[in-house]
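**Q** Next come a sequence and a model predicted from it.
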Amino acid sequence: MDDQEREIKFYVQDLEMMAQRLHICGADLTRERTLERNLRFDTTDQGLQREGRILRLRQDDRARVTYKADARVEGGVIARTELEFTVDNFAVARKLFEALGYQVVVLYEKYRRTYRLGDVEVVLDELPMGDFVEIEAPNNILIEGVAQMLGLDWSKGIATNYLGLFAAARVKRGFTFNDLTFDNFRDIELLPGDMGVQPADG
């Protein structure tokens, strides 16, 4: 089993245009728009974060545990080890991690639509702080090719994760809340500059 993940994100202003372009390109919608709730775990001394490792529990139409490590940027694309598996019970999985000494350090939410185009997975993400396209494939050539098909500016690619963008926005705007939830952002509108990003769709 290949446990390497290669992906890049783009901040976009018109997510529905991206959906239309995916349809025109012949992409298959493999998962309808679904709400995700993600719990990021760490030790009390932030040991995982300090070592660049991620332990996450995700709930959408199923529950999944994900472990990521060894992240590096190669040609603008994030490459890293990723191990993921489905669990039967979200609540029990959370209790297991807490029993092992991990605690929830942040909750983040998003709506996600998933498309498939050959060996490439494209997701359209709606976060409390804006809309994003994420492209994942076995190699950079495929990722760059799909980005070009979608009319995305490669130079505007984002080589960090959503919580990294959120952290930048918290510093820029002085947010005191810790969770990236739609409720927390109900009366807040972020600008791309608050996250240190630029729109890739013109």
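**A** Thanks, I have the structure now. Fair warning: this is a prediction, and the values are worked out from it, not measured in the lab.
**Q** only C-alpha atoms for contact and neighbour calcs from this point on.
**A** OK.
**Q** and Glu5, what helix or strand is that in?
**A** For Glu5, the host element (DSSP states H and E) is strand 4-12.
**Q** just for this structure, where's the confidence low?
**A** Counting by pLDDT under 70, the ranges of the chain that qualify are 1-2.
**Q** Tell me where it has helices.
**A** 15-24, 47-50, 90-99, 140-149, 162-173, 192-195 (DSSP state H).
**Q** angle of the longest one against strand 4-12?
**A** Translated: helix 162-173. Here helix 162-173 runs at an angle of 40 degrees relative to strand 4-12 (axes from the mean of the first three to the mean of the last three C-alpha atoms, to 10 degrees).
**Q** before we move on, what about the fourth one?
**A** For helix 140-149 against strand 4-12, the angle by the same axes, to 10 degrees is 20 degrees.
**Q** helices or strands next to helix 140-149 in the packing?
**A** Under the contact criterion of 3 or more C-alpha pairs under 8 Å, 6 or more residues apart in numbering; DSSP states H and E, helix 140-149 touches strand 4-12, strand 120-127, strand 130-136.
**Q** Pop out the phi and psi values for the closest residue to Phe185 other than its chain neighbours.
**A** Spatially, and ignoring its direct neighbours in sequence, Phe185 is nearest to Pro128 (5.9 Å; C-alpha to C-alpha, 6 or more residues apart in numbering). Phi and psi for Pro128, reported as degrees, to the nearest 10, are phi -60, psi -20.
**Q** returning to what we had before: for Glu32, which of the helices of the chain is the nearest?
**A** For Glu32, the closest of those is helix 15-24, at 11.6 Å, according to C-alpha to C-alpha.
**Q** buried set for the closest one?
**A** Leu15, Met18, Ala19, Leu22 (16 or more other C-alpha atoms under 10 Å).
**Q** Export those residues as JSON lines, with columns for distance to Asn140.
**A** JSON lines is the format used below for the buried residues of helix 15-24 (distance: C-alpha to C-alpha, whole Å):
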{"residue": "Leu15", "distance to Asn140": "23"}
{"residue": "Met18", "distance to Asn140": "20"}
{"residue": "Ala19", "distance to Asn140": "22"}
{"residue": "Leu22", "distance to Asn140": "19"}
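**Q** For Ile54, state which of these is nearest.
**A** Leu15 (27.5 Å).
**Q** Quick one: residues contacting the closest residue to the closest one other than its chain neighbours.
**A** Spatial nearest neighbour of Leu15, excluding adjacent residues (C-alpha to C-alpha, 6+ apart): Asp131 at 6.5 Å. If you count contacts by C-alpha atoms under 8 Å, 6 or more residues apart in numbering, Asp131 has them with Tyr11, Val12, Gln13, Asp14, Leu15, Leu124, Asp125.
**Q** Pull out the buried residues from the residues you listed.
**A** For these, buried by 16+ other C-alpha under 10 Å: Tyr11, Val12, Gln13, Leu15, Leu124, Asp125.
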